[in-house]
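Enquirer: Next one to model:
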Amino acid sequence: MATVADTRKIFEEKKLSIKLPLQDDLLVTKIDIVERYTYYDGDIHYLIRIEYINEKGYVAYDLFPCEGRIERKTPLIPVSDIPPETLRLEPLPMRDGIDFASDEQAYDYIKMSFSHFVKDKGYEHLSEHKGCDLYCTKGSRGLFTDFILRCDDDALDKVKELIELRGEYGSSNDYAIVFPAIQESLSVKLLFQENWFRHNGEFLAAHRICAFGVNNSDPNLIYPFTVYPREKELARYFMFTGPQWNILRNKYVEAR
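Expert: Okay, the predicted model is just below:
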């Protein structure tokens, strides 16, 4: 039976990039491809379900994004031309720009965006919850969410609160922080934001804390920055939007 370390090596040999925030010596019992998207430039994005035996000796599983590449002479449809999944609700209106005039405006915007998003994906019973800003459910699975404006030390405090909730309510739920994808109008440079994830991304992933950035002008578009949620419809959506963040980020840097 292969270990997590063996699994990483196998993926590397196949030229597939995957991050596994798991101990190297854990035994992997099963690997399934849940979703696959092939993009116009030859990039392939998989959503992998890995079943393993955890530290307590029980069988557990997680969903992980995985990236690869194939060479093509004829390009496929560009990612921007691939239609998103059909919405259940009417899309939210676009904003005129990407800047925010105040913290209150930014907070209301990301809360409105994410609340609309989870309703669209079939979540119910949206309410405040002790220890987080928003709690909702889909079937037996809950989603605990905190809204933050800046990737800074205060954000880490929110993350620690979610980790405490995860310790209380367990892995049968998902946990997430939600923030503006670009925070420069809120005094956080993009470089600082990216450094924050370089230093803390592994910490978030190890504790299964999802991080979602809301597009500053399109509230219907949200990007994943760490692990994917275990709820399959959410994971499928973020598999589609994940590569688009790099496109937006590069365009923003060029324009700036």
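Enquirer: Tell me the predicted confidence for the nearest residue to Ala2 once chain neighbours are set aside.
Expert: The spatial neighbour of Ala2 that comes closest, neighbours along the chain excluded (Cβ to Cβ, 6 or more residues apart in numbering), is Val28 at 5.0 Å. Just so you know, the C-beta spots here come from the backbone N, C-alpha and C atoms, and that holds for glycine as well. Turning to Val28, the model gives it a pLDDT of 86.
Enquirer: same check, this time on the one 4 residues further on
Expert: pLDDT, Asp32: 81.
Enquirer: Which helix or which strand is home to it?
Expert: When elements are assigned from DSSP states H and E, Asp32 belongs to strand 27-38.
Enquirer: Pull out the buried residues from whichever helix or strand comes after that strand.
Expert: In the C-terminal direction, the helix or strand that comes right after strand 27-38 (DSSP H and E) is strand 43-53. Going by neighbour count (16 or more other Cβ atoms under 10 Å), the buried part of strand 43-53 is 45-50, 52.
Enquirer: And the contacts of strand 43-53?
Expert: With Cβ atoms under 8 Å, 6 or more residues apart in numbering as the test, strand 43-53 has contacts from 4, 7, 16, 18, 20, 22, 26-39, 59-70, 228, 235-236, 239, 242-243.
Enquirer: So which other helices or strands are in contact with the strand holding Asp32?
Expert: For strand 27-38, the elements it packs on are helix 4-13, strand 43-53, strand 59-69, helix 232-255, judged by 3 or more Cβ pairs under 8 Å, 6 or more residues apart in numbering; DSSP states H and E.
Enquirer: Contacts for stretch 196-212 next, please.
Expert: By Cβ under 8 Å, 6+ apart, the surrounding residues in contact with stretch 196-212 are 19, 21, 62, 114, 151-152, 155-156, 159, 162-163, 166, 171, 174-179, 222-229, 238.
Enquirer: my bad, stretch 213-225
Expert: For stretch 213-225, contacts defined as Cβ under 8 Å, 6+ apart pick out 65, 87, 91-100, 109-110, 112-114, 116-117, 178-182, 197, 201, 210-212, 237-238, 241-242, 244-245, 248.
Enquirer: For the residue lying closest to Val253 once chain neighbours are set aside, give me phi and psi.
Expert: Spatial nearest neighbour of Val253, excluding adjacent residues (Cβ to Cβ, 6+ apart): Leu190 at 7.2 Å. The phi/psi pair for Leu190 (degrees, to the nearest 10) reads phi -60, psi -40.
Enquirer: if I pick Leu190, what's in contact with it?
Expert: The contact partners of Leu190, by Cβ under 8 Å, 6+ apart, come to 182-184, 249, 252-253.
Enquirer: Report the helix or strand with the lowest average pLDDT across this structure.
Expert: Per-element confidence for the chain was summarised using mean pLDDT, DSSP states H and E. The lowest value among helices and strands belongs to strand 17-18, with a mean of 73.
Enquirer: For the stretch 1-150 of the chain, give me the ranges with low pLDDT.
Expert: Along the stretch 1-150 of the chain, segments meeting pLDDT under 70 span 1, 19, 36-43, 45, 68-87.
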